[in-house]
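Q: Fold the following and give me the result.
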Amino acid sequence: MRNLFLALPVLALGLTSACASETNEAVDSTAAALESEWGEIDEDATPLTAEEKAEALSDDDADDPDGAASNADPSTFVETNGPSEADDDLKDPVEAQSATPGSAAPLILAPPPLPKSCNESSSLDLIVYTEGFNGPILKTLADRAEPCSRYTVSVPKVGGSPSMPDAALWPRRVVGKGVRAYGNAFVPSAEVHWGGSRQTGRFYPGWKNVKVVKLGPGKYRTEVVAKSAVYDNNWFFKGVLFRQRMAKRGYRPQANDTWHINELESVWTRTRVQQKAIRDLVRGLAEGDQEYDAAKDSDPEIASLSTAEKAEITAAARVKDVKGIVFVSALHKRRPNEATLEPAQNALKQTMRHRRFWTDMNSYVSSFAVERYLAVGAFCKKGQALAAQSNDMAQDIMELDLVAQNAPRYQSGPHDGESTAATALSYLSRAYHPIINAAWGFGNDQRSLAQMSSFVRGQVQATRAFAETHRTPDNRIGIYFLTKDGASATETARFADNVSLSLNGAYDGKDGNAIGACGVAGADGCTCGD
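A: Numbers count the residues shown, from 1 in each chain. The predicted structure is shown next:
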């Protein structure tokens, strides 16, 4: 998610207005034509071919442009026991974060159920993503937390370094109560970092770039693989091992802690090969490591713990059915020989047909989160009415959901009235989780505090307004929060508070609605034109 993709306009998909009900794409409506053009398929019915694998490798995002993974000498990759507190560059200002050496581990409890008085449609289900400086936004969310709101905070990985080359293969350590220090409505999500990165001429692998070798019950080793072999290994084992490492780093799925896959490549719609890897990975992440026993772990850090602490870690590794989050960085990527987005958009449409993929997402992924980072200049126009601004924003923020909603329906036969992409539609209507742009940076540095605040309010309003009239979760939204370089602590705190107030206005668990996102100024508080 650290690579900020600006959302591209929706083209040639026949999408509805954000204020309209579902409609059908204008295609031949005969049952045979719909089945051929749109009908669901079992993508596992035919085996993956060498040609498809080669295509998947050529399509991978350029996180390793020079083939570093394929040129890496595995002997230079020394697996460690994960980042230590000294490697942790995420310093949180909440005093309760600090753990006193030698003190007992803090008691971790699952968030309580929503009060019976909560209106589910307006009870905020928020995903928070930051890149490290998360104190200001978490503090204001906690200070203004509504009883009906719940917060999932994605905890970023630790970056690789010469002394810690495999840091991206471990979740960041929980210190003290971690994000739970903000209240019992906050839970952390550990980052499964998909791809590798290059820093100062050296390549540091992500989970795509390694294979997991099983040495025995609950014992594994990771090895860097050549780029040509990134899909020729057991991706289920990767998920199992990450869950073990989550437990060892302080995450407690038994108290609702979860995981998220970050920076999933933008070509995920193009290839069955990558989709199969995703399916196996999320299955392993949900399953956990049923063979791990902390009492038998030779890691000195684990061996030094008490019997009770080891039992808690073992239980954390073995919790089953832990559904997590998938972050999709982009929906479209043109290949070098493509002049338009049409081929990429058609690939997205075809992905709606893949029944097994969406069935597995339903089984193992609670939130299918798509990063929709709108640009201020493209969506905030001077003099534009709120309805038009909201419509433009919603078309982009909700694009994936709209593709599923606008799949044509059968006009006759045994499936009369049913969607041709029924599995994807059913899943996304419950699990779609748009992530909006609350990043005061990445091209928005020149915007004033007032402009950025209005921009965020406009996106919250558009997301809520869309949900009120479409088949999509009413209460789900995510934010990517970032302050700008040079902003004072006061400015950052005010911006964070404005974001929090807008969310509470739209999602208060009671009568919150779209216009509530705009604040006391009403529509004027959301119109963000210069």
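
Q: and the helix or strand hosting Val326, which residues are buried?
A: Here Val326, judged by DSSP states H and E, is contained in strand 324-328. Under the neighbour-count criterion of 16 or more other C-beta atoms under 10 Å, strand 324-328 has 324-328 buried. (Each C-beta comes from the backbone N, C-alpha and C, glycine too.)

Q: Just the closest of those residues to Tyr151, please.
A: Using C-beta to C-beta, Ile325 is the member of the buried residues of strand 324-328 that lies nearest Tyr151, at 12.9 Å.

Q: The closest one against Ile127, yeah?
A: Yes. The pair Ile325 / Ile127 is scored as a contact, 6.7 Å apart, by C-beta atoms under 8 Å.

Q: and the nearest residue to Val212 once chain neighbours are set aside, how far is that from Thr359?
A: Excluding the flanking residues, the one nearest Val212 by C-beta to C-beta, 6 or more residues apart in numbering is Phe237, at 3.9 Å. Distance, Phe237 to Thr359, by C-beta to C-beta, to the nearest Å: 21 Å.

Q: Likewise for Ile397?
A: With the distance defined as C-beta to C-beta, Ile397 ends up 26 Å from Thr359.

Q: who has more neighbours, these two?
A: Neighbour count, other C-beta atoms under 10 Å: between Ile397 and Thr359, Ile397 has more, with 26 against 16.

Q: all strands of the stretch 351-500 of the chain, in order?
A: 365-371, 432-439, 476-482 (DSSP state E, counting those that start in this stretch).

Q: With the chain instead?
A: Assigned by DSSP state E, the strands in the chain fall at 125-129, 150-155, 186-193, 197-199, 202-204, 210-216, 219-224, 258-264, 324-328, 365-371, 432-439, 476-482.

Q: can you give me how far stretch 108-123 is from the chain middle?
A: 22 Å (C-alpha atoms, centre = their mean, to the nearest Å).

Q: For it, buried residues please.
A: Using 16+ other C-beta under 10 Å as the burial criterion, the residues of stretch 108-123 that qualify are 108, 111, 114, 118-119, 122-123.

Q: Over to stretch 388-402?
A: For stretch 388-402, burial by neighbour count (16+ other C-beta under 10 Å) applies to 389-402.

Q: ok, back up a step: dump the strands of the stretch 351-500 of the chain to CSV, plus mean neighbour count, mean pLDDT and distance to Glu191.
A: Listed next are these as CSV, based on neighbours: other C-beta atoms under 10 Å; pLDDT from 0 to 100; distance: least, C-beta to C-beta, whole Å:
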stretch, mean neighbour count, mean pLDDT, distance to Glu191
strand 365-371, 23, 96, 13
strand 432-439, 25, 96, 14
strand 476-482, 24, 96, 14
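
Q: Ok, which of those comes nearest Lys510?
A: Lys510 sits nearest to strand 476-482 of all these, at 16.9 Å, using C-beta to C-beta.

Q: So in this structure, where's the weakest helix or strand by average pLDDT?
A: Every helix and strand of the chain was ranked by mean pLDDT, DSSP states H and E. The lowest is helix 68-71, at a mean of 49.

Q: Show me what counts as buried in stretch 157-168.
A: For stretch 157-168, using 16+ other C-beta under 10 Å, the buried residues are 157-160, 164-168.

Q: Which pair of those residues spans the longest distance?
A: Maximum pairwise distance in the buried residues of stretch 157-168, criterion C-beta to C-beta, is 13.0 Å, between Lys157 and Pro165.

Q: Ala185 and Leu138, how far apart?
A: Using C-beta to C-beta, we find Ala185 at a distance of 11 Å from Leu138.

Q: Tell me which of those two has more neighbours.
A: Neighbour count, other C-beta under 10 Å: between Ala185 and Leu138, Leu138 has more, with 24 against 21.

Q: Tell me the pLDDT of the closest residue to that one other than its chain neighbours.
A: Using C-beta to C-beta, 6+ apart and skipping residues adjacent in sequence, the residue nearest Leu138 is Tyr182, 5.2 Å away. Predicted confidence (pLDDT) for Tyr182: 95.

Q: which regions of this protein sit below the pLDDT cut-off?
A: Applying pLDDT under 70 to the chain picks out residues 1-29, 61-78, 84-106, 530.
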